[in-house]
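J.: Predicted coordinates and the sequence they were generated for:
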Amino acid sequence: MHSTRTEPVTLLAIESSCDETSCAISRDGVILANIIAGQAVHEQYGGVVPELASRAHMQNIVPVVDAALKKAGVALSELSGIAFTQSPGLIGSLLVGSQFAKSLAQALEIPLIAVHHMQAHVLANLIGPAAGTPNLQQPTTPSFPFLCLTVSGGHTQIVLCHSPLKMEVIGETLDDAAGEAFDKSAKLLGLPYPGGPLIDKYAREGDPARFAFPEPQIPGLNFSFSGLKTAILYFLQDQTAKDPGFVTANLPDICASVQGRIVSILLNKYRRAARETGVTDLCVAGGVSANSGLRKAFQEMGRKEGWNTFIPAFEYCTDNAAMIAITGHYKFLAGEFAPLSASASARAEW
Ligand code: KG4
Ligand code: ZN
């Protein structure tokens, strides 16, 4: 640790692992700006098209970085380091962000910090409330050790965090991620990509007890969602054979039942992880933590069991560079820098 350091640590962070181009600026771990440009181009294809994602990152990256610096009121000369998402993700997308970060670090002659996207999702919980949120009585960030249920479009993990940079994956999905379970179910219902937020929206009007989908019996703390997808497929085939208008007539109840089952699969394992580890500070992270059913059931579980629950502000749940900045900040303090030869990697290993 550089405990004698007196100047502020000001970082520029880039996230470009999938279909969001994002740039954040942090000073001493406080987020000054977090600009996110989404990519509507994928909607018509029912999923992210890697080649189109890389091209959109190329178009977005300079304006997004400019907007973040402007919003933060920070000049390039004030930066102490550049953090970027190194892995995992779509390789073409990662390459755009990593090349940009390396070029900037080289031009400014400041350190480069390589960040793991999943570690960053977890540390989004240390960012605290979004700017402008009034001071709360309760602590708003978890204490170590804490657990994090990280649920995104590509991953589903239960992570035990001993310190900002020391984490252990203690459970994960054996097949589909929770976000994929939402998106694939939505696709079967004829909803556009990404379907997770739409299932959430329709589920609010529906009855989660109307249709019963099976809960897989997977030992330990691992998850499986592929059986659920198959069960939904057969269920819809059966029902629409009898009544072609079944989906339209029952959309809210189907969405509520699907969402209810995904949430119960996630939380039953998470409850077990908390009981087994004895850890009482519990977080969620990743795009699916924006789901209103999951947020509500998670907080209810915490109240019932006497556990503290934490959910990042909405803008820090889905892909964003603020989480890369906070992770970069801890790495900067620990002196964990990357060489300019650091390469982006699609792989998920920590
Ligand atoms: O973390 P994220 O933005 O990107 C990845 O790293 O994958 O997560 C995206 C995933 C998508 O599957 C999307 O459908 C899901 O998060 N998602 C939701 C909601 N908002 C985003 N799923 C359910 N309910 C939501 N409200
Ligand atoms: Zn993500």
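T.: Okay, I see it. Residues are numbered from 1 along each chain as shown. Ligands and ions are numbered 1, 2, ... in the order given.
J.: going forward, measure contacts and count neighbours with C-alpha atoms only.
T.: OK.
J.: is it true that Asn34 lies in a strand?
T.: Yes. Counting by DSSP: H, G, I helix; E, B strand; the rest coil, Asn34 is part of a strand.
J.: Which secondary structure state does the nearest residue to it once chain neighbours are set aside sit in?
T.: Leaving aside its sequence neighbours, Asn34 sits nearest to Ala24 (Cα to Cα, 6 or more residues apart in numbering; 4.2 Å). Assigned by three-state DSSP, the conformation of Ala24 is strand.
J.: Wait, Ala24 touches Val30, no?
T.: No. Using Cα atoms under 8 Å, Ala24 is not in contact with Val30; the gap is 10.4 Å.
J.: So which of these two has more stuff around it?
T.: Ala24 (30 against 18; other Cα atoms under 10 Å).
J.: in the chain, which residue is closest to the centre?
T.: In the chain, the centroid-proximal residue (Cα atoms, centre = their mean) is Gly286; its distance is 2.1 Å.
J.: returning to that earlier point: please name the residues that touch the residue nearest to Asn34.
T.: Going by Cα atoms under 8 Å, 6 or more residues apart in numbering, Ala24 touches 12-14, 31-35, 65, 68, 320-322, 324-325.
J.: For it, which residues count as its bridge partners?
T.: The bridge-partner assignment for Ala24, based on DSSP bridges, gives Ala13, Asn34.
J.: one step back: who's in contact with the residue nearest to the centre of the chain?
T.: Gly286 makes contact with 121-122, 150-152, 317-319, according to Cα under 8 Å, 6+ apart.
J.: What of Ser226?
T.: Neighbour list for Ser226: 175-176, 181 [criterion: Cα under 8 Å, 6+ apart].
J.: ok, and the most crowded of those residues?
T.: When neighbours are counted by other Cα under 10 Å, Ala181 leads the contacts of Ser226 with 24 neighbours.
J.: sorry, back to before: quick one: which of the contacts of Ser226 sit in helices?
T.: Ala181 (DSSP state H).
J.: Strands along the stretch 1-150 of the chain, start to end?
T.: 10-15, 21-27, 30-37, 81-87, 112-116, 146-151 (DSSP state E, counting those that start in this stretch).
J.: looking only at pLDDT, what's the mean for the particular helix or strand that has Gly293 in it?
T.: According to DSSP states H and E, Gly293 maps onto helix 292-305. The predicted model assigns helix 292-305 a mean pLDDT of 97.
J.: Quick one: residues in contact with it.
T.: 200, 259-260, 263, 267, 271, 289, 307-309, 311.
J.: which two from the residues you listed end up farthest apart in space?
T.: Asp200 and Trp307 (25.1 Å; Cα to Cα).
J.: The longest helix along the chain: how far from the chain's middle?
T.: Counting residues, the longest helix found in the chain (DSSP H) is helix 246-277. Relative to the chain's own centre, helix 246-277 is displaced by 18 Å; criterion: Cα atoms, centre = their mean, to the nearest Å.
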